[in-house]
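In: here is the input, now give the coordinates:
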Amino acid sequence: YRVGVRFDPYSAAPDAYEASLGLARQLRSSLLDGGLRSLVEIRASQVNGCAFCSALHLNDARKAGVPQVKLDSLAGWTDSIHFSDQERAALDLTDAVCRVGDGRRVGQATWASARAHFDDDELANLLFPIALVNFYNRINVAVEMPDDIAAFDERTPSTGAPKAVGPTPPDRRHGGTVGVA
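Out: Numbering: from 1, shown residues only. Alright, predicted model coming up:
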């Protein structure tokens with residue numbers, strides 16, 4: 001188990017971090033269902049190998065009432081009977097967007113399915129969380145962010161405000177590590 005991170009970009013560039021949190025807060029207030037958003041965030045984190053974000057968004061999904069059977073079968077969603085056509089369209093789009101860095105593009109069938117299941121507002125509010133979680137995934141994987149969500153939850157105020165996608169800023173009393181108490 002890793003106790004720290006390689007580097008704390010969130011403290012090193014607090015203005016950039018706060019700007020990304022502003023987008024996260026805006027997206028959480030969109031009309032996109034919170035459970036669907038959580039499924040997309042988890043799936044992107046699985047594809048990108050980000051243990052921290054996977055654990056974080058699994059907690060969000062449980063709080064949003066996503067059934068455990070969906071969480072259990074998300075890694076193999078293409079073979080699962082537990083997802084609606086709309087969820088499948090969102091997950092297919094998520095997989096495709098996560099893999100554009102592999103030289104792939106979002107295929108026509110994937111795009112057509114997303115367009116068939118989401119209106120313009122919904123599709124935009126689906127694409128932004130996919131992009132934002134990819135942003136955080138890549139940072140957290142690069143710095144080897146530990147998946148210590150209990151420490152993260154302890155540091156997140158319970159004010160009823162939406163939880164951010166990325167880790168909380170470090171607490172200087174604990175050596176300046178991110179997401180670790």
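
In: what's W111 sitting at in phi/psi?
Out: Listed backbone geometry of W111 is phi -60, psi -40, with angles given as degrees, to the nearest 10.

In: can you pull the contacts of it?
Out: Shown here is W111, whose contacts under the criterion Cβ atoms under 8 Å, 6 or more residues apart in numbering are L93. (Glycine included, C-beta is placed from N, CA and C.)

In: ok, now with 10 Å
Out: W111 sits next to A89, D92, L93, A96, R105, L123 when contact means Cβ atoms under 10 Å, 6 or more residues apart in numbering.

In: tell me where the chain has helices.
Out: Along the chain, the stretches classed as helices by DSSP state H are 9-12, 14-28, 34-48, 51-63, 68-73, 85-98, 108-117, 120-142, 149-155.

In: on that earlier part again, whichever of the contacts of W111 end up buried, select them in PyMOL.
Out: Of the contacts of W111, the buried ones can be selected in PyMOL as follows, counting by 16 or more other Cβ atoms under 10 Å:
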select buried, resi 89+92+93+96+123
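
In: quick one: low-confidence parts of the chain?
Out: Flagging of the chain using pLDDT under 70 yields the residue ranges 1-4, 151-181.

In: closest one to D79 among the helices of the chain?
Out: Closest approach to D79 among the helices of the chain (Cβ to Cβ): helix 68-73, 8.2 Å.

In: just want the most central residue of this protein.
Out: E41 (3.2 Å; Cα atoms, centre = their mean).

In: the residue nearest to that one when sequence neighbours are not counted: neighbour count?
Out: When the adjacent residues along the chain are set aside, E41 lies closest to H57, with 4.0 Å between them (Cβ to Cβ, 6 or more residues apart in numbering). Other residues within reach of H57 by the criterion other Cβ atoms under 10 Å amount to 29.

In: my guess is H57 contacts D147. True?
Out: No - under the criterion of Cβ atoms under 10 Å, H57 is not in contact with D147, lying 11.2 Å apart.

In: find residues that contact each of the two.
Out: Counting by Cβ under 10 Å, 6+ apart, the shared contacts of H57 and D147 are C50.

In: could you single out the most deeply buried of the helices of the chain?
Out: Of all the helices of the chain, helix 34-48 has the most neighbours on average by mean count of other Cβ atoms under 10 Å, namely a mean of 23.

In: CA atoms of that one as CSV?
Out: Once side chains and other backbone atoms are set aside, the C-alpha atoms of helix 34-48 remain, and they are given as CSV (Å, rounded to 0.1, in the frame of the first residue of the first chain):
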residue,chain,number,x,y,z
GLY,A,34,-26.1,11.3,-11.1
GLY,A,35,-26.2,7.5,-11.3
LEU,A,36,-25.4,7.5,-15.0
ARG,A,37,-22.7,10.1,-14.5
SER,A,38,-21.1,7.9,-11.8
LEU,A,39,-21.2,4.8,-14.1
VAL,A,40,-19.4,6.8,-16.8
GLU,A,41,-16.8,8.1,-14.3
ILE,A,42,-16.2,4.7,-12.9
ARG,A,43,-15.9,3.1,-16.4
ALA,A,44,-13.5,5.8,-17.6
SER,A,45,-11.4,5.2,-14.5
GLN,A,46,-11.4,1.5,-15.1
VAL,A,47,-10.3,2.0,-18.7
ASN,A,48,-7.5,4.4,-17.6
